[in-house]
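> Attaching a predicted model along with its sequence, questions to come.
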Amino acid sequence: MTVDESVRRPTDASRYVPIAEHGLIGDLRTAALVDTRGTIDWYCPVRFDAPSVFASILDADRGGSFRLTPEVPARTKQFYFPDTNILITRFFADDGVAEVQDFMPIVDDSREADRHRLIRRVLCVRGSLPFTARVTPRFDYGRQSHTVGTEKGLTVFESPGLSLALTSDVTVEIDGPAAVSTFKLVEGESAVFALDRIGGTVQPRHCPQSEAEELFDATVRYWRRWLAQSRYRGRWREMVHRSALTLKLLTYAPTGAIVAAPTTSLPEQIGGERNWDYRYLWVRDAAFCIYALLRLGFTQEAEAFVRFLSEGITLGDGPGGPLQIMYGIDGRSEIPEQTLPHLEGHLGSSPVRVGNAAVHQLQLDIYGALVDSLYLYDKWGQPLSSDHWDAVCKLVGWVCDNWDRPDMSVWETRAGPQHFLYSQLMCWVAIERAMRIARHRGLPADMSRWSSARDDIYRRIMSCGWSPQRRAFVQREGEEVLDASLLMMPLSKFISPTDPKWLSTLDALGEELVADSLVYRYDPTVSPDGLRGEEGTFSICSFWYVEALSRAGRVDEARLAFEKMLTYANHVGLYAEEIGRTGEQIGNFPQAFTHLALISAAFNLDRALG
């Protein structure tokens, strides 16, 4: 493939830390990225989809950041405090060793939750080290100006729409629009910085060392209590549990919504235009997350998600169907897309987008993902209520009438609707799983109509989705293009994993879309998607490939592919959406899709290995 000439190349890559060089912290309402140099370069106070105050990952000059680093050269290591989402960055210098502990406390009191406190504890563990902290917020994605002042010993940043308060037990000085602190710690000493959102019922408040330590201990207890619910005892416990902790970090506690990723516009190709905002609830992604968490024994997240669906979303009756493909984390249906031309984008990858114009696309596959997760919730969690069942019947009835419509399907292409096999497959799943629920629970259902539509879909896929020339199932009717979403055919129990037609398809996918265990979604040169440039391999597809291999009985190949995929995780076990040509993480980060697929692949591979 030749590189598209429209792709711009960055002029100074040293201004940016690679996407993979980050860890994630959060409080189940919002999240922040902390890079391996000790800088918070992405943070949206209040909630995931709120405007950023730190976004230097998208513009090193105009994005804003919270830097906390030694003043002397130092090597760094970053890891999570075991079985928690508390991130520790350690600095190794000639004269000493120190660490920064970054976390956001999770509290039950609603007023304290609205504080969204971000705590940074600096500890010197050997020798001595001089440090500099520099807090440079840029409100509303850098579009609003702000003032800086002091109030009762706190540094207060005020903008028209938001105010933040910085407290510290070391001296802080105002430097233009920033706050700066220079200090030195010797062995055994520590310093605390806390950044709070203030306003309304949340008043400025100091964070003394004793309180920071108490909040640290309480946060450790919270994450360990939550993780203790896991039933996973397999070979890859550390990676599976890190993925589970990551999925939990992506949940919005007030409603039960789950975001696809906590970031926007991290590029799928450096210098390219494939930059999207993922800070919303995709019905498909959230349903798959619930599937993964239920398998591990986490039922409360499924209950919260089902409550969000029943209380926060109103089923429509328009031509686009009863469901949208995505919603705001508060249930809102409008997510207008706009570009931010004043931000240059990560490594010069523009445009930077907020909002998502794909919100009103028709993507039929979401119904299968949703009903499948409700089937598992009914089986492993709580039985569906009568109101829930009425909603399922409405969804399935609509699917029976609309399954053969052209749509944009799972990859949200912008090249016009097509008859995608994956969409028809997941419509089959929606009907088939609803029939299972009805039979298991003895619930009323129009079984004759449902079974007729289910069988029609099966015959359509087997006749129009199969290419005798390719000896494989294909992406869409009338074409000879392969697509990695076909890997879901045996995973969804549509076809036997050892069916000759499927095994031939698996071989074809391996030859055309797989490179050293990494799987491309499709080839955009033969299946144009309406966008310029290239993309990397899609990590959810790589884990689907592992699962398809293991189900087909090719267990040794599956295990090798899985172990290779684990080497592409970053230093703290996180994955972006895609992996680039030289193994770098690209796309929004961390990506729920990738981590839920890792859990499923590990679970099935463990079972295949015995």
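Cool, the structure landed.
> Please count neighbours and contacts with C-alpha atoms only from this point.
Noted.
> Give me the helix or strand of the chain that scores worst on average pLDDT.
Ranked by mean pLDDT, DSSP states H and E, the helix or strand of the chain with the weakest confidence is helix 110-113, at a mean of 72.
> Following element in sequence after that one, please.
Going down the chain from helix 110-113, the next helix or strand is strand 118-136, by DSSP states H and E.
> That following strand: what's the following helix or strand?
Next along the chain after strand 118-136, taking DSSP H and E as the criterion, comes helix 139-142.
> CA atoms only for that following helix - export them in CSV, please.
Taking C-alpha atoms only, helix 139-142 is exported to CSV below (Å, rounded to 0.1, in the frame of the first residue of the first chain):
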residue,chain,number,x,y,z
PHE,A,139,-10.4,25.3,29.6
ASP,A,140,-13.0,24.2,27.1
TYR,A,141,-10.4,22.4,24.8
GLY,A,142,-8.3,25.6,24.9
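> For whatever helix or strand comes next after that helix, which helices and strands make contact with it?
Using DSSP H and E, the helix or strand that follows helix 139-142 towards the C-terminus is strand 147-151. Helices and strands touching strand 147-151, as assessed by 3 or more C-alpha pairs under 8 Å, 6 or more residues apart in numbering; DSSP states H and E, comprise strand 154-158.
> The strand it packs on pairs with which strands, parallel or anti?
strand 147-151 (antiparallel), strand 163-168 (antiparallel) (DSSP bridges).
> quick one: the strands in the stretch 351-500 of the chain?
Secondary structure of the stretch 351-500 of the chain (DSSP state E, counting those that start in this stretch): strands at 353-354, 466-467, 472-473.
> Pull up the pairing partners for the second one, direction included.
By that I understand strand 466-467. Under the rule (DSSP bridges), strand 466-467 has strand 472-473 (antiparallel) as partners.
> go on, the first one?
Neighbouring strands of strand 353-354 in its sheet, by DSSP bridges, are strand 338-339 (antiparallel).
> Which of the helices or strands spans Val100?
strand 96-103.
> what angle do that strand and strand 118-136 make?
Computed by axes from the mean of the first three to the mean of the last three C-alpha atoms, to 10 degrees, the angle separating strand 96-103 from strand 118-136 equals 110 degrees.
> Next, report how far strand 96-103 is displaced from the centre of its chain.
Strand 96-103 has its C-alpha centroid displaced from the chain centroid by 26 Å (C-alpha atoms, centre = their mean, to the nearest Å).
> go on, stretch 464-479?
32 Å.
> got it, and stretch 324-336?
That offset, for stretch 324-336, works out to 16 Å (C-alpha atoms, centre = their mean).
> Give me the residues contacting it.
49, 252, 255, 257-259, 280-284, 308, 312-313, 354-357, 359-363, 366 (C-alpha atoms under 8 Å, 6 or more residues apart in numbering).
> Now the terminal residues of that stretch, how far apart.
Stretch 324-336 stretches 14 Å from its first residue to its last (C-alpha to C-alpha, to the nearest Å).
> Flag every buried residue along that stretch.
By 16 or more other C-alpha atoms under 10 Å, the buried positions in stretch 324-336 come out as 324-331, 333, 335.
> Strands - which of those land there?
If you go by DSSP state E, the buried residues of stretch 324-336 have 326-327 in strands.
> any chance of the buried residues of stretch 324-336 in TSV, plus pLDDT?
TSV is the format used below for the buried residues of stretch 324-336 (pLDDT from 0 to 100):
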residue	pLDDT
Gln324	93
Ile325	93
Met326	94
Tyr327	95
Gly328	96
Ile329	96
Asp330	95
Gly331	94
Ser333	92
Ile335	96
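> Closest to Pro444 out of the buried residues of stretch 324-336?
When the buried residues of stretch 324-336 are compared for distance to Pro444 (C-alpha to C-alpha), Gln324 wins out at 26.1 Å.
> Figure out which of the strands paired with strand 154-158 is closest to Pro497.
Among the strands paired with strand 154-158, strand 163-168 sits nearest to Pro497 (C-alpha to C-alpha), with 54.8 Å.
> For that closest one, what does the pLDDT average out to?
Strand 163-168 shows a mean pLDDT of 96.
> export that strand as PDB, just CAs?
As requested, the backbone C-alpha atoms of strand 163-168 are provided in PDB (Å, rounded to 0.1, in the frame of the first residue of the first chain):
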ATOM      1  CA  SER A 163     -13.300  26.600  38.200                       C
ATOM      2  CA  LEU A 164     -10.500  24.400  39.600                       C
ATOM      3  CA  ALA A 165      -8.700  24.600  42.900                       C
ATOM      4  CA  LEU A 166      -5.100  23.400  43.400                       C
ATOM      5  CA  THR A 167      -3.900  22.700  47.000                       C
ATOM      6  CA  SER A 168      -0.500  21.600  48.000                       C
END
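> Off-centre distance for it?
Worked out by C-alpha atoms, centre = their mean, strand 163-168 lies 28 Å from the chain centre.
> give me the low-pLDDT residue ranges for the stretch 401-550 of the chain?
414, 527-533 (pLDDT under 70).
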